[in-house]
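Visitor: based on what follows, work out the 3D shape:
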Amino acid sequence: MAPENYDIVIVGAGPVGLLLSTCLARWNYKIKHIDMRSEPTPTGRADGIQPRSLDLLRNMGLKRAIMENEPAKVYEVAFWDPKNGQKGIHRTGTWASCPAFIDARYPFTTLLHQGLIERVFIKDMEDNGVHLQRPWRITGFENDGKDSTYPVRVSMTHVDGKETEEVRAKYLFSGEGARSFVREQLGVKITHKDPIAHVWGVMDGVVRTNFPDIKMKCTIHSDAGSIMIIPREANMVRLYVQVASSTDADWDPRKQATEQEVQQHAQKILAPYTITWDRVEWFSVYPIGQGIADRYTLDERVFMGGDCCHTHSPKAGQGMNTAFLDAQNLAWKIHHVESGFADRSLLKSYESERKLIAENLLNFDAAYAKLFSQRQPSAGEVGAASTQTSPDKPAEENEFIKMFKASCEFTSGYGVAYNPNLLNWSPSHPFQHHLFLSNEKKNTNLRTGRILIPATVTRVSDANPVHLEQEIPLNGSYRIYLFAGTPSAKAQKAIADFSSNLQKRNSFFAPYRRSDESSVDPHERHNPHSHFFTFATIFAAKRPEIDIDGLLPEFLARYYDHVYADDVVDIRVQGAKAAAHEKMGFKIEEPAVVVVRPDGYVGCVARLVEGSGTVDALNGYFASFSTQGKSGGESARL
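Guide: Next comes the predicted model:
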C-alpha cells in the first residue's frame, strides 16, 4: 500500500510547531502533525507573551482566547538591591515593562502557563481540520527524491512501539525542542557562545509572603544572591533563583539543588521579608547557556525552528516569542511557494532572516544574563533609563542604561529587524527605481525589514476608530497601503493611474487575480480580486469629507472596508494634521504606497505619482522573487 501524501509533516507540538500548523491549516494545507507527549504541556516551561507577540496573536484572531484564561500582566518592573551598610533588601525604583519610547499597542508582558497557550492553537487547528497525532514520535526521514512532488519520506511510530506509519511529504518541520531527532540526523551542530557561568533554579507555585511586590515582576539582588520574580495566573508566582555562579569558590556548571534548597536560598535572598509555599507546581534547575544551530535547513525541504535552533536563558522571556516568529516567517513563505506566487528560492530567506534574529537574541541574552547576575544598577540609573532624553540634551548613558533601553526594545519584540534582501528593499536591492523611498534617505520614517509603525485611523464605512496595522489579518496576503494624502485632483489622478496600471496584463498583480473573481461573495473584505494582495487607502481628511465612490476608482472602492480617514489625534505627533501620515514620515501633499509583507514587516515604500511610475517600481520589486505568471499564477488549492 502506497504511503499517504501530505503537504507537510510537523514534529512537535510546542509553540513553534503549533503556530506553523495553525497558519497552514487555515490556508487549507494537508498536515500530519505528531507529538511525543500524550497531552499539552502540564506544568512549567514558557509563560511570557511579549507585546509584539500579542500583536501577532490579535492579527490571527487568537488574542481573545488567550485573554479568557485571565493571565497576569506585567506593566512595571520593580528593582530591589541591598541596603547600604544594613542587612536585607529595599526597593530602589521601578520602570515600565514596555516604556513609552516604544510605540506598543499592548505595553505589557502577558504571563500564562504554556499548556493553556498550546490549547488555544490546538482548538484553532482542529476547527480547520487538523488533529494532533499523540503520542507519536519520528523514527526516520529522507529526502530521497523518489517522488518529485512529495520528495520527503517520513517514518514514525507510536511511543509504545505497537504501531508504525510511513508517509511522504513536500516538507518536514522539526519543532521538537533542544533534543531534536531531526537535527541530530541531519548532522547539524549547535554552536555555543560563552561558557556556562551561572546555574539557576526555577519554581512555579502559590506562596505566602509579606514581600510587597510579589504581584510585580522584580529583579532582586542581595548579598545572598539574585532572584527574578514573575507573577502568573491563578495566584501563582514564578521565581528564578540563582543557585551558583562561576565566581563561587566551588563553582560547578552541573550543580544541582533540591526544591527545598532553592526555597531556603530564596528565603535568604528576600530577607527581611518571609516567603513560604502552599504548593509547588513545577521545579527545575538549569545552567544558563547560549547555543545556535549552524543551519536551519540543508535543502529547503526539511526545516527546523524554535528551541531546536536556539537555546538561551529564559529570564528575558524570548523563547516562545522567537519561536512564534520563526513559524510565522516560514508559514507564509511555504504558502507563497506552494501556491505558485513565489519562486522556490524564497525559502532560502527563512534561514537567513531567522538565524540573524537568533544570533542577535543570543548576543543580547548573554549580556543581559551577565548584567542581571553581576550588576546592581542604582536607583538613579533606573530613573535615567526609564526617561526618554531629549535629542538636544542627551544624558550621559552608562552600560546599564544602554542595556536597559536596548533590552526593552528587544524583549518587547519590536527590535526585530531583518536585513536588506529581495523582500526588504534597500539602496542595494537588485532593482532600483527613483520613486522608492528609504529611511536612509530620510524621506520616510519606515524601515524595511521592520514592522509597520502603529497608527490609529477612522474606518470610513462605519466611523470606527481602528488600528491600521491590525485591519488586514494574517491571511497570506501582501498588504498594500495607499497613503493618499489630502484629497485633491492631483492625488485622485495618481490613485486612478495606479489602479489602471495595476490591472494591466504586465503588472505584478495581474497574474495572481482570482479565477472566481466574478462570483466572489460581495461581503469579502480582504481578497475580492486576489488571494495575495489586499489594498487599503488612507486619506488625510476628516471622515465626513471622504466620498469613497467619488474619490476612488471602482477597483479600489471595492475595498470599501479598507478606506480610512487619517483624522485621529496621536500624542506622539502632537499638532500633526494627519497623524498616521506624519508617523510614517509622509507629507500630506506627497502621497506614498507602502508594501507590507504578509507577516507585517515593511517590504518597500514608494512615491505615489501620476502615470505608470509607481506600478513600474512595484513590478520590479515583486519580480525579484515572485513567479509573475511563469508558473501559471495561483494554484488550484486557492
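
Visitor: tell me which stretches of the stretch 501-638 of the chain form helices.
Guide: In the stretch 501-638 of the chain, the segments counted as helices under DSSP state H, counting those that start in this stretch are 548-551, 554-557, 579-584, 613-623.

Visitor: so His529 touches Ala510, yeah?
Guide: No - assessed by Cβ atoms under 8 Å, His529 is found out of contact with Ala510, at 10.0 Å. In this view, the C-beta of every residue, glycine as well, is placed from N, C-alpha and C.

Visitor: what residue spans form the domains of this structure?
Guide: 4-69+112-192+291-357, 72-110+197-287, 436-623 (the TED database).

Visitor: how many other residues sit next to Lys162?
Guide: Neighbourhood size, Lys162 [other Cβ atoms under 10 Å]: 7.

Visitor: and what about it, helix, strand or coil?
Guide: coil (DSSP: H, G, I helix; E, B strand; the rest coil).

Visitor: likewise Val416?
Guide: Quick answer, by three-state DSSP: Val416 is coil.

Visitor: next one: Ala323
Guide: helix.

Visitor: for it, which residues are in contact?
Guide: Shown in contact with Ala323 (Cβ atoms under 8 Å, 6 or more residues apart in numbering): 14-16, 19, 175, 305-307.

Visitor: farthest-separated two in those residues?
Guide: Leu19 and Asp307 (13.5 Å; Cβ to Cβ).

Visitor: neighbour count winner among the two?
Guide: Comparing Leu19 with Asp307 by other Cβ under 10 Å, the one with more neighbours is Leu19, at 30 against 26.

Visitor: for this protein, what's the longest helix?
Guide: Identified as the longest helix of the chain according to DSSP state H is helix 348-374.

Visitor: just the element for Ala491, please.
Guide: Remark: Ala491 resides in helix 489-502, with elements defined by DSSP states H and E.

Visitor: what's the angle between that helix and helix 613-623?
Guide: With axes from the mean of the first three to the mean of the last three Cα atoms, to 10 degrees applied, the angle from helix 489-502 to helix 613-623 works out at 40 degrees.

Visitor: average model confidence for helix 489-502?
Guide: The pLDDT scores in helix 489-502 average 97.

Visitor: and that helix, what's buried?
Guide: Neighbour-count burial for helix 489-502 flags 491-492, 494-499, 501-502 (criterion: 16 or more other Cβ atoms under 10 Å).

Visitor: any chance of the residues you listed in TSV, with distance to Ala342 too?
Guide: Output for these, formatted as TSV (distance: Cβ to Cβ, whole Å):
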residue	distance to Ala342
Ala491	32
Gln492	33
Ala494	28
Ile495	27
Ala496	29
Asp497	27
Phe498	23
Ser499	24
Asn501	22
Leu502	19
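
Visitor: could I get the domains of the chain as a markdown table with distance to Asn419?
Guide: Listed next are the domains of the chain as a markdown table, based on distance: least, Cβ to Cβ, whole Å:
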| stretch | distance to Asn419 |
| --- | --- |
| domain 4-69+112-192+291-357 | 6 |
| domain 72-110+197-287 | 21 |
| domain 436-623 | 6 |
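
Visitor: nearest to Thr411, of those?
Guide: Evaluated with Cβ to Cβ, the domains of the chain place domain 4-69+112-192+291-357 nearest to Thr411, the distance being 5.4 Å.

Visitor: quick one on the thing from earlier: hey, least reliable of the domains of the chain by pLDDT?
Guide: domain 72-110+197-287 (a mean of 89).

Visitor: chain center to it: distance?
Guide: With Cα atoms, centre = their mean, to the nearest Å as the basis, domain 72-110+197-287 stands 26 Å off its chain's centre.

Visitor: start and end of it, how far apart?
Guide: From its first residue to its last, domain 72-110+197-287 covers 26 Å (Cα to Cα, to the nearest Å).

Visitor: so for His529 and Ala510, which residue has more residues nearby?
Guide: His529 (20 against 16).

Visitor: quick one, what contacts that one?
Guide: His529 neighbours (Cβ under 8 Å, 6+ apart): 509, 513-514, 517, 555, 558.

Visitor: list the contacts for the closest residue to Thr537 other than its chain neighbours?
Guide: Of all residues not flanking Thr537 in the chain, Leu482 sits nearest, at 4.5 Å (Cβ to Cβ, 6 or more residues apart in numbering). Leu482 makes contact with 495, 498, 535-538, 556, 591, 593, 608, according to Cβ under 8 Å, 6+ apart.

Visitor: residues near the closest residue to Val568 other than its chain neighbours, how many?
Guide: Among residues not flanking Val568 along the chain, Thr456 sits closest, at 4.6 Å (Cβ to Cβ, 6+ apart). By the measure other Cβ under 10 Å, the count of residues near Thr456 is 19.

Visitor: name all residues that make contact with Thr456.
Guide: Thr456 is in contact with 465-468, 568, 570, 579-580, counting by Cβ under 8 Å, 6+ apart.

Visitor: quick check, nearest of those to Met228?
Guide: Distance to Met228 across the contacts of Thr456 (Cβ to Cβ) is lowest for His467, with 31.8 Å.

Visitor: give the contact list for the closest one.
Guide: 105, 454-456.

Visitor: do the same with Pro82
Guide: 88-90, 221-223, 376.

Visitor: Thr627 and Asp343 touch, don't they?
Guide: Yes - with contact defined as Cβ under 8 Å, Thr627 and Asp343 form a contacting pair (5.9 Å).

Visitor: so the two - more neighbours on which side?
Guide: Set Thr627 next to Asp343 and count neighbours by other Cβ under 10 Å: Thr627 wins out with 21 against 18.

Visitor: ok, now how distant is the more buried one from Ser345?
Guide: Distance check for Thr627 against Ser345: by Cβ to Cβ, to the nearest Å, it reads 11 Å.

Visitor: wasn't Arg52 part of a helix?
Guide: Yes - assignment of Arg52 by three-state DSSP places it within a helix.

Visitor: what about the nearest residue to it once chain neighbours are set aside, how many neighbours?
Guide: Using Cβ to Cβ, 6+ apart and skipping residues adjacent in sequence, the residue nearest Arg52 is Gly413, 2.4 Å away. Neighbour count for Gly413, taken as other Cβ under 10 Å: 25.

Visitor: OK, contacts around Gly413?
Guide: 50-53, 55, 321, 325.

Visitor: repeat that for 10 Å
Guide: Counting by Cβ atoms under 10 Å, 6 or more residues apart in numbering, Gly413 touches 49-56, 98, 102, 104, 317-318, 321-322, 324-325, 451.

Visitor: what of Pro420?
Guide: With contact set as Cβ under 10 Å, 6+ apart, Pro420 has these partners: 426-429, 438, 448-449.

Visitor: and these, which is closest to Arg153?
Guide: Gly449 (36.3 Å).

Visitor: nearest spatial neighbour of that closest one, chain-adjacent residues omitted?
Guide: Counting by Cβ to Cβ, 6+ apart, Tyr418 is the residue found nearest to Gly449 once chain neighbours are left out, at 3.5 Å.
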